[in-house]
Every structure is written in structure tokens, then in C-alpha cells.
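**Q** Just a sequence and a predicted model for now, questions to come.
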Amino acid sequence: MEGGASKKRLTKESAKVPSDPRALRRLERLIDLGELEELPALALASVPRYLVTFMKSETAGKIRSATIVSVTNQSRRPNVVTVTYFKGFVDNTSPSGSSTFTIPPDFTVDFASRSVPSDLTVVNSVPSPELTFDEGRAIVSSRQPEIGVSARVYYTAGEGDEELLSITDSGVVVFGAGNHGD
């Protein structure tokens, strides 16, 4: 759902639009207030929180891939979250792409390395340009520290990602802390 989404658009059936009328009214109010929106890639004050240890996004060849990073805002306030994608052999100053989204409290947003059909998963935020030949990692940054993160790579076949081949989970670790074999 992009910023400025109309109420008419919200009444359509979608995996991300609540069916409960009260929840739908809350979502519409947040959109009207500008608290649920995709933001342009700006220099926003945020802190790296998590490292997604494997990212792959490719559209050439028989097997295609896209990385989806789900972020849930557990803060009591709207939280500006950025997912930044990096190729494997570059440092953290040379991103391949990034996207930013303001997430209201208790909401989950899916960031993707590129667009995928909504039959696979509903994506809320994609970098511009989309990543089409990249493999590496992603860093999840936010203004508020209270976020939950998960990541997975979708492998598909067909020019429009018509056939789902598999989904793998990517490791997510606290940024700068590493993991302990978990």
C-alpha cells in the first residue's frame, strides 16, 4: 500500500487490507494522517538494527529470485524503517538500492528487492530501480528500536514469476553483534 492510497482502493479484497470494519477505519485514518506511507530514499535519521545475512534478487536465467524482508513496528509511535541492499563484495557505503516506509504501531510491512506477483506475497516497498542481478546482504534501519524482522528469498520460474519453486529463510542477526551459531 503506497502513501496516498485511496479509501476506494482499501475496500478491495487484498491480503494486507483488514476485513474487520474497525481495523479498516483505523488503517484509513492512518493513511489520511500520513502515518502509513512509502517515503522517497532520503537521508533519514535512523540506526542500523538488523543484518539480513543473505539477499538474492535476479531476473535473468531460468531461476529468478527476490528477497522479502518483513518488518513489524512494535513501537507505540510510527516508525520510519529503511531496508538497504548491498552486493556481497562491497562495503556498507555502496548500496545497490534501498526503500523506506513509515510503519504505524503494530503494523507489518513487506520490503522487497524487486516486485513480485501479489499471488506470491503482497509487497509494500521496493527500491527504485529494482534489483535484478544482485546477491549479498541487507541492513534494516529504523528510528525506533522496537521492530521485529524476518527475511526470506523466493525462487521462481517464468518471465512473470508464475511458478514458485521454493522459499528459503535468510538469517537475521543484530547489526554489529553477529550470531552465536543460531
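**A** Cool, got the structure. Residues are numbered from 1 along each chain as shown.
**Q** Tell me where this structure has strands.
**A** 37-39, 47-58, 64-73, 79-87, 97-103, 108-112, 133-142, 147-157, 163-169, 172-174 (DSSP state E).
**Q** relative to strand 147-157, how tilted is the fifth one?
**A** Meaning strand 97-103. 130 degrees (axes from the mean of the first three to the mean of the last three Cα atoms, to 10 degrees).
**Q** CA atoms only for stretch 175-182 - export them in CSV, please.
**A** Output of stretch 175-182 as CSV, limited to C-alpha atoms (Å, rounded to 0.1, in the frame of the first residue of the first chain):
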residue,chain,number,x,y,z
PHE,A,175,23.6,-5.5,13.4
GLY,A,176,27.2,-5.4,14.5
ALA,A,177,26.8,-8.2,17.0
GLY,A,178,26.9,-11.3,14.8
ASN,A,179,25.2,-14.5,15.8
HIS,A,180,26.1,-17.4,18.1
GLY,A,181,25.6,-20.3,15.8
ASP,A,182,21.8,-20.0,15.9
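**Q** let's number from 16 now, not from 1
**A** With 16 as the first residue, the last one maps to stretch 190-197.
**Q** now the strands of the chain as CSV including mean neighbour count, distance to residue 138 and mean pLDDT?
**A** Every residue, glycine included, has its C-beta placed from N, CA and C. Formatted as CSV, these follow (neighbours: other Cβ atoms under 10 Å; distance: least, Cβ to Cβ, whole Å; pLDDT from 0 to 100):
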stretch, mean neighbour count, distance to residue 138, mean pLDDT
strand 52-54, 18, 11, 56
strand 62-73, 20, 12, 95
strand 79-88, 24, 7, 97
strand 94-102, 23, 11, 95
strand 112-118, 22, 10, 94
strand 123-127, 23, 4, 96
strand 148-157, 21, 14, 95
strand 162-172, 19, 10, 97
strand 178-184, 12, 14, 96
strand 187-189, 16, 18, 90
